[in-house]
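>>> I'd like to go over a predicted model; first the sequence, then the structure.
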Number of protein chains: 2
Amino acid sequence: MSDPATTAPSPQLFFETINAFQKSAALKAAIDLGLFTAIGSTPATAAEIATLCQCPERGIRILADNMTILGFLTKTGSQYALTPSSAAFLDQKSPAYFGAAVKFLLAPGLTEAFSDLASTIRLGRLHTTEQGTTAPDHPAWIEFARAMGPMMIPTSQGTAELITLDPSRDTRVLDISASHGAYGIAVALKNPRTHLVALDWEAVLTVTKENATAAGLASRFSTISGDAFTVDLGSDYDVVLVPNFLHHFTAAECTTFLKRAHTALRPGGKVVIVEFVPNEDRVTPPPAASFSLVMLGTTPEGDAYTFSEYQQMLTDAGFSDASLHPLPPTVQSAVIATA
Amino acid sequence: MSDPATTAPSPQLFFETINAFQKSAALKAAIDLGLFTAIGSTPATAAEIATLCQCPERGIRILADNMTILGFLTKTGSQYALTPSSAAFLDQKSPAYFGAAVKFLLAPGLTEAFSDLASTIRLGRLHTTEQGTTAPDHPAWIEFARAMGPMMIPTSQGTAELITLDPSRDTRVLDISASHGAYGIAVALKNPRTHLVALDWEAVLTVTKENATAAGLASRFSTISGDAFTVDLGSDYDVVLVPNFLHHFTAAECTTFLKRAHTALRPGGKVVIVEFVPNEDRVTPPPAASFSLVMLGTTPEGDAYTFSEYQQMLTDAGFSDASLHPLPPTVQSAVIATA
């Protein structure tokens, strides 16, 4: 992006942004219709894709051109082909396919939250519901657990690489808002003497259990169901994983929760927070900094906190030695501190 | 944009695109709340903007950061300032303010059309209504005429610069789907002996008349109300303006209409089409090529036609010497041919 302050007035950014919702709609349609799967490894014309998708050609041609414009396809002459990223993630025959994530990311409850952000901002609370996705047993989290697991693999593996537990004794890891379980599972697979405890809403834990069992962890896996702010967390953990949880709450609530995590840890144990952590300017890097808008739309008072804010919360909760660990190629970071 | 075929797989484009609807929602909220007008020419902190907008600070801070990320504001320390484009177009105190265009561009009927593009493509017709915005007297066009006029000024002025009428005699210009009237008004202001005839739905012509009168053209302005495909167009025109009309229809329908325009013109008269005209590859330049998706979502069979397609329609309708004229800095082009 060129420096917006030095360019002459142009309506182009306005048009592109106000119409940006059409990009989401087009990508959703392409996934819904199996456009990427139809193309697969064989470049194809609009007519050929239309036959495979069992659709009239006009809409497929316009959609394939749009996916080319957006960077999901390449077009040579009249033939469309998948980009490496589309082949990896959007072709259902790929093991890394994550098209199902659209079910969560564009769930009606989520898009509805963005239908009137002005009212949310004016009211200082959500315009749709009181607690948004932080409500007890909110059904979005079952969809999240089922849909988002495949997308979390790079982040969970990057996180697990940061955690080495003592191999000479049995260890214990607590995974907060475990969901799909990817974070705890990655840590447990890397540390064969670790027992994994997954905490989430009861209905969500069905998914966690399925995934932990599929990973061969059934014999060293247990669960705690309920509200992470009030349920008994247990004790003597070596690690408390807190992935994508704190952003839903105020800094004061985060500190309250981190005090509970501190109590549950052995002395010298680690809390490992995985989050969207923008720089201190709160506007870079864009993918992490943009996440605060998601929290504005879907939670009463959540945010994308900076590292200095996490440092303050952790200090207030009794932790020391907070450190920040970017998790490339993902846009998230881990914040680790010692109990 | 880097060449998508040569980069390693990354989920980043997927995330950015699937969440793109949030950009539209955030910009709409900023306009609805008067964020840009509140900042005006004086850089301000989130707290100061919040006071001016009469909103709690948290939402304003997150929104202002998001507008900075998207390029509508700059941020220095904790102070936000308008970019030149935001100052020109999004501050209500600017004469070029066009924030009201959001009422048309994000009207519920339009966004609803994009709620299930997959069904539209599968069915080969709109999933919401039969005729979309091409239905007779569709109310969207009243909103369009009221909201979009200010945005059309650069395109209409660029178009008028291409049209020089014989100053030694009275001339006649017909403006098809006149709407706000900007195109015909620009031509009539440049050619003082021209009588302007504006055609549109009856309810829309109220807006056209207001604007023509405000431009001082009341004494050389008249209207034709009804369907451009069936109503009597009159005759002996020197120019028939066809701005942003043909994209709603099939090529065969466009040719049918252009035959009517040909009949209405004097020999040697000009048809002047203003359109989003993508290159022959249909995927560049992105702003023009993307417009076909809008027609997929909102019309039964409309499209963004290439210049060679317009050439064919014009030849079939009896015109000669078709030529293409880009209208920078806008993303539209004029296609001019001789009767």
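Nice, I can see it. All values reported here derive from a predicted model rather than from experimental measurement.
>>> buried set for the lengthiest strand in chain A?
Taking DSSP state E as the assignment, the strand of chain A that covers the most residues is strand A:265-275. Neighbour counts using 16 or more other C-beta atoms under 10 Å in any protein chain shown place A:265, A:269, A:270, A:271, A:272, A:273, A:274, A:275 of strand A:265-275 among the buried residues. (Each C-beta comes from the backbone N, C-alpha and C, glycine too.)
>>> Quick one: neighbours of residue A:218, just the number.
Per other C-beta atoms under 10 Å in any protein chain shown, the neighbour tally for residue A:218 reads 10.
>>> Correct me if wrong: it contacts residue A:212.
Yes - using C-beta atoms under 8 Å, residue A:218 is in contact with residue A:212, at 6.7 Å.
>>> Is any residue of the longest strand of chain A near chain B?
No - judged by C-beta under 8 Å from any C-beta of the partner chain, strand A:265-275 makes no contact with chain B; its nearest approach is 15.6 Å.
>>> Pull up the pairing partners for that strand, direction included.
Here strand A:265-275 is paired, per DSSP bridges, with strand A:237-243 (parallel), strand A:333-338 (antiparallel).
>>> Between those strands, which shows the greatest average number of neighbours?
Ranked by mean neighbour count, the strands paired with strand A:265-275 are led by strand A:237-243 with a mean of 25 (mean count of other C-beta atoms under 10 Å in any protein chain shown).
>>> if you average pLDDT over it, what comes out?
Taken as a whole, strand A:237-243 has a mean pLDDT of 98.
>>> Centre of the chain to that strand, how far?
The chain centroid and the centroid of strand A:237-243 are separated by 18 Å, computed with C-alpha atoms, centre = their mean, to the nearest Å.
>>> cool, stretch A:298-306 as well?
Its chain's C-alpha centre and that of stretch A:298-306 lie 14 Å apart, by C-alpha atoms, centre = their mean.
>>> List the buried residues for that stretch?
Using 16+ other C-beta under 10 Å as the test for burial, stretch A:298-306 gives A:298, A:299, A:300, A:301, A:302, A:303, A:304, A:305, A:306.
>>> Would you map the helices across the stretch 1-150 of chain A?
A:12-18, A:20-32, A:35-39, A:46-53, A:57-70, A:84-89, A:102-105, A:108-113, A:117-123, A:140-148 (DSSP state H, counting those that start in this stretch).
>>> Mind pulling the model confidence for residue A:20?
At residue A:20, pLDDT is 97.
>>> Using PDB, write out the CA atom coordinates for stretch A:288-300.
C-alpha atoms of stretch A:288-300 as PDB (Å, rounded to 0.1, in the frame of the first residue of the first chain):
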ATOM      1  CA  ALA A 288      -3.200  -8.900  13.700                       C
ATOM      2  CA  ALA A 289      -4.300  -5.300  14.200                       C
ATOM      3  CA  SER A 290      -7.500  -5.900  12.300                       C
ATOM      4  CA  PHE A 291      -8.600  -8.500  14.700                       C
ATOM      5  CA  SER A 292      -9.700  -5.900  17.200                       C
ATOM      6  CA  LEU A 293     -12.600  -5.100  14.900                       C
ATOM      7  CA  VAL A 294     -13.800  -8.700  15.100                       C
ATOM      8  CA  MET A 295     -13.900  -8.400  18.900                       C
ATOM      9  CA  LEU A 296     -15.700  -5.000  18.600                       C
ATOM     10  CA  GLY A 297     -18.400  -6.800  16.500                       C
ATOM     11  CA  THR A 298     -18.800 -10.000  18.400                       C
ATOM     12  CA  THR A 299     -17.900  -9.500  22.000                       C
ATOM     13  CA  PRO A 300     -19.000  -7.000  24.700                       C
END
